[in-house]
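# Let's see this in three dimensions:
(one chain, ligands or ions: 2)
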Amino acid sequence: MSEFRFNPLKKRWVLIDEKRSDKKGYFNIETVKDIEDTTTCPFCPGGEKNTPMELLRKSSQTDDWERRVIPNKFPALQVEKQLAKSAAGPYSEVSGTGAHEIIIESREHFLTLSEHSKLLLYDMFDIFKKRVMDLKKDVRLKYFSLFKNYGYSGGASILHPHSQILATPVIPNTVVDLLKSMQNYYLMHDRCLICDIIDFEKNKGERIIESNSDFCAVIPYASDYPFEIHIYPYSHQHDFFSKGTNYLSLAEITFNVFKKLENKLGNPPINMGIYVSPVSCHIPDFGRYNADNPFFHWHLEIIPRLNKTGGMEIINNTFINPVSPEKAAKVLEG
Ligand SMILES: [Zn+2]
Ligand SMILES: [Zn+2]
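Ligands and ions are numbered 1, 2, ... in the order given. Presented below is the predicted three-dimensional model:
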């Protein structure tokens, strides 16, 4: 039996239709494998001279680098560009001002998901914070997208483990939708939407696949993608970059989720991203946003890239998910 479920965070319907996962070829699972020739890889040790000037480095006791941050050689946005806003008739334009940075996470050219160690993941979160604290000095930048693409179907053009920071003068569409739903929920109920989701999932006990003292990993009730996973801080945490965020604990639960994905789904391509609060600013179609608000609760999403999307997704922004979240939770729990 198929059913529509409403996603209260992103404010959209998803169709859960399990019959589709039985159809031959619906899943196109790519196992991410070590297949690249490393001699020309600019991220491997020895390729340092072929990358733009380093912004940050973490070194080991032997003085070799362990993680490096560099500007993207082919940036989507450039900080040197003057911020210009214009409108012509019904159309608005903002110049591509911003920053696009790459975190090279390892000296190794290839890592499976479970080979991303807890320390590697901790350093990734810590570096996100360090770089964003620096980028925040540029008041033109309003949002910091923190994400990792893994595998070609995850959008990675190179397999060498890396993640990215995209600092933008506009707020991404999904973030505006999240702000609206969290604010509306708070105004209506005087409670945080994500805190309520966590409470409900804890009582239900059907979709939590992993937890520790600070975080839980949940397959959302209205997941757009099969095996989509959200990691929520248990306590109401508004600011991902604050001292209250336990990056060690976050690294631990992310590592455990990566291990499950590798063991149960055969090292699939993924996208991982963190939804953080924008800085205080005016947001078109939202109004004045105050970063010290009581309604925003950050979270992390991991999306395995297993199935193809089609007309319903592209035309209607309504996803068809061929694996029910409860079934996905059972597979990953086991
Ligand atoms: Zn490499
Ligand atoms: Zn909350």
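# Could I get the full set of helices for the chain?
19-22, 118-135, 173-189, 193-204, 247-265, 311-316, 325-333 (DSSP state H).
# Mind checking the ones you listed for the one nearest to ligand 1?
helix 118-135 (14.7 Å; C-beta to the ion). Placement of C-beta: from N, CA and C, glycine included.
# Alpha carbons of the closest one, in CSV - could you do that?
What follows is helix 118-135, C-alpha atoms only, in CSV (Å, rounded to 0.1, in the frame of the first residue of the first chain):
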residue,chain,number,x,y,z
LYS,A,118,36.1,9.3,14.4
LEU,A,119,39.2,11.6,14.5
LEU,A,120,38.8,12.5,10.9
LEU,A,121,35.1,13.3,11.4
TYR,A,122,35.9,15.3,14.6
ASP,A,123,38.5,17.3,12.7
MET,A,124,36.0,17.9,9.8
PHE,A,125,33.4,19.4,12.3
ASP,A,126,36.1,21.4,14.1
ILE,A,127,37.5,22.8,10.8
PHE,A,128,34.0,23.7,9.7
LYS,A,129,33.7,25.8,12.9
LYS,A,130,37.2,27.4,12.6
ARG,A,131,36.7,28.4,8.9
VAL,A,132,33.2,29.7,9.5
MET,A,133,34.3,31.8,12.4
ASP,A,134,36.9,33.4,10.1
LEU,A,135,34.4,33.7,7.1
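# Just put the helices of the chain in TSV and tack on mean neighbour count and mean pLDDT.
Formatted as TSV, the helices of the chain follow (neighbours: other C-beta atoms under 10 Å; pLDDT from 0 to 100):
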stretch	mean neighbour count	mean pLDDT
helix 19-22	13	68
helix 118-135	18	98
helix 173-189	16	97
helix 193-204	17	98
helix 247-265	19	97
helix 311-316	11	89
helix 325-333	18	94
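# got those helices as TSV, with distance to ligand 2 columns?
Formatted as TSV, the helices of the chain follow (distance: least, C-beta to the ion, whole Å):
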stretch	distance to ligand 2
helix 19-22	33
helix 118-135	19
helix 173-189	9
helix 193-204	3
helix 247-265	16
helix 311-316	29
helix 325-333	21
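# Figure out which of these is closest to G98.
helix 118-135 (8.9 Å; C-beta to C-beta).
# Could you report the pLDDT at K23?
Confidence at K23, expressed as pLDDT, is 60.
# do the one 3 residues further on as well
As predicted, Y26 sits at a pLDDT of 57.
# closest to V69 out of the helices of the chain?
Comparing these under C-beta to C-beta, the one sitting nearest is helix 118-135, at 6.1 Å.
# ok so, going back, what about the helices of the chain, which gets the closest to I35?
helix 247-265 (16.8 Å).
# can you give me the angle that closest one makes with helix 118-135?
Compare the direction of helix 247-265 with that of helix 118-135 by axes from the mean of the first three to the mean of the last three C-alpha atoms, to 10 degrees and you get 130 degrees.
# Next, count neighbours for P42.
17 (other C-beta atoms under 10 Å).
# need the residues of this protein near ligand 1, please.
Residues of the chain lying close to ligand 1 (C-beta under 5 Å from the ion) are 41, 43-44, 109, 160.
# Contact distance from ligand 2 - what residues of the chain qualify?
By C-beta under 5 Å from the ion, the residues of the chain that approach ligand 2 are 192, 194-195, 236, 297.
# how about JSON lines for the residues you listed, with distance to P75 added?
Formatted as JSON lines, those follow (distance: C-beta to C-beta, whole Å):
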{"residue": "C192", "distance to P75": "35"}
{"residue": "I194", "distance to P75": "32"}
{"residue": "C195", "distance to P75": "37"}
{"residue": "H236", "distance to P75": "35"}
{"residue": "H297", "distance to P75": "31"}
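# of all these, which two lie farthest apart?
Using C-beta to C-beta, those span at most 8.0 Å, a distance reached by I194 and H236.
# what does the model give F4 for pLDDT?
pLDDT, F4: 97.
# about what we covered before: with the residues of the chain next to ligand 1 in mind, which one is nearest to ligand 2?
The closest of these, once distances to ligand 2 are taken by C-beta to the ion, is H160, at 36.0 Å.
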